[in-house]
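Asker: Sequence and predicted model, in that order:
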Amino acid sequence: MDSVRIDVWLWSVRQCKTRSLATAECKAGHVRINGEPIKPASPVKVGDEVRYRFEGFDRILRVTKLLKKRVGAPVAATCYEDLTPVRPRVAMPPVLRREPGTGRPTKKERRELDRLLGYDPNFGHRE
């Protein structure tokens, strides 16, 4: 076996939950082999670099083994080398909390919140 369909490989190494989802991802253009957009039936070979768009970020996988059947997670992890760079951490602003039972914010408190969040008081939009 020198090549496998890309949708079958993505499904068998547990990158997609179902084979039909893997096919849909390929058709939508979320998968590339060696930088080229592909179709679901495109062959993937050992040594190819697969870019798979997942949750807004690209996963970069180098194929080390070919599979036609879905296998367990420990075995699937040996079939590719993950070259994905570390995702940047986004600093979340602190959650604004009011003490229970204090009621609605006063007009002064609303203005302070708007100033803190960067809203334009004249238009109700962020600056």
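Answerer: Received, thanks. Numbering: from 1, shown residues only.
Asker: Okay, buried residues for the lowest-mean-pLDDT helix or strand in the chain please.
Answerer: When each helix and strand of the chain is scored by mean pLDDT, DSSP states H and E, helix 107-117 comes last, with a mean of 85. Within helix 107-117, no residue counts as buried by 16 or more other CB atoms under 10 Å. In this view, the C-beta of every residue, glycine as well, is placed from N, C-alpha and C.
Asker: Arg5 versus the most centrally placed residue in the chain, what's the distance?
Answerer: Nearest to the mean C-alpha position of the chain, by CA atoms, centre = their mean, lies Glu55 at 2.1 Å. For Glu55, the distance to Arg5 (CB to CB, to the nearest Å) stands at 24 Å.
Asker: Got the domain ranges for the chain?
Answerer: 4-82, 95-127 (automatic domain parsing).
Asker: How far off centre is the last one?
Answerer: Right, domain 95-127. 33 Å (CA atoms, centre = their mean, to the nearest Å).
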